[in-house]
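>>> For reference, the sequence and a predicted model appear below.
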Amino acid sequence: MDKKVTPYKDSTLGKKEQVTKMFDTISGNYDGLNRVISFGIDIKWRKRVVSIVSEKHPTKILDIATGTGDLAINMTKTGAKEIIGLDISPGMLEVGKRKIAEKNLHGIIKMIVGDSENLPFEANSFDAITVAFGVRNFENLEKGLSEIYRVLKPGGSFVVLETSIPTKTPFKQGYKFYTKFILPAIGKLFSKDRSAYAYLSESAAAFPHGEAFNNILNKIGFIGIDNRPQTFGVASIYVATK
């Protein structure tokens, strides 16, 4: 687990508080950053998540670490009647609320401040739960996943989109160079808070991706676990069922 990887290395704050501070700081630039650092491919990845979730025709969806609401907004294409976007960063949610208002989706999507490790919902509440680029920010990964398991309905889908590290040459070497040198430089162009963007690559490297994450999902109690690498392995989509 990447518990020691934090944005500011501030010993007076826990990882959760530091992550909240980081995303509040970069919220205004976050959408543009995503497009640039992924060359726009993150849009395709989110569409694949929507396609996977759509297969079971969910009525009620929870999008954890929703950020500025990109995935929650895309989830309206599933036909769900209720979508809740939850995030620990009020700054990110404010950006998301503006996007939802512009698209007149406030009747379907509700954005709330909340902690993924202490979800404010009753057990068996959601047909599907998604997390895009957020599980690596959990302070206690297993606690967060256990909470997700608790509020997901039996037979419900849990779909995670997260960065991973390519294992094949030359993609592995190219990825390491990009995340170590290029990504922080891009971050500096977007924001004075360079440490925040360095954290994004550091946390991705520390996250237990692939089979290691599959094993954690299995330990929590999920079944039907499937790991689907994306774009040479720079990201992965994990699909599991309660």
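Nice, thanks for sending it over. These figures come from a predicted structure and were not determined experimentally. Numbering: from 1, shown residues only.
>>> looking at this, residue 111 is in a helix?
No. Per DSSP: H, G, I helix; E, B strand; the rest coil, residue 111 lies outside any helix segment and is strand.
>>> okay, now it: neighbour count?
Using other C-beta atoms under 10 Å, residue 111 has 25 other residues around it. Yep, even glycine has a C-beta here, placed from its N, CA and C like the rest.
>>> after the longest strand along the chain comes which helix or strand?
When the chain is parsed with DSSP state E, its longest strand is strand 152-163. Under the assignment DSSP states H and E, the closest C-terminal helix or strand after strand 152-163 is helix 171-177.
>>> Please state the offset of that following helix from the chain centre?
22 Å (C-alpha atoms, centre = their mean, to the nearest Å).
>>> Then stretch 101-116?
16 Å.
>>> Now do that stretch, average pLDDT.
If you average the pLDDT over stretch 101-116, you get 97.
>>> Ok, stretch 155-175 next?
86.
>>> What is the end-to-end distance of that stretch?
In stretch 155-175, first residue to last residue: 36 Å (C-alpha to C-alpha, to the nearest Å).
>>> for that stretch, which positions count as buried?
156, 157, 158, 159, 160, 161, 162, 163, 164, 165, 166, 175 (16 or more other C-beta atoms under 10 Å).
>>> Averaged pLDDT, stretch 225-240. What do you get?
Here the average pLDDT along stretch 225-240 is 94.
>>> ok, now stretch 32-52?
85.
>>> still on that earlier bit, list of residues touching the longest strand of the chain?
For strand 152-163, contacts defined as C-beta atoms under 8 Å, 6 or more residues apart in numbering pick out 45-46, 49, 52-53, 55-56, 58, 71, 124-136, 148-149, 204, 207, 209, 213, 217, 222, 234-242.
>>> again, only using 6 Å
Under the criterion C-beta atoms under 6 Å, 6 or more residues apart in numbering, residues 45, 49, 52-53, 56, 124, 126-132, 135, 204, 235, 237-240, 242 lie in contact with strand 152-163.
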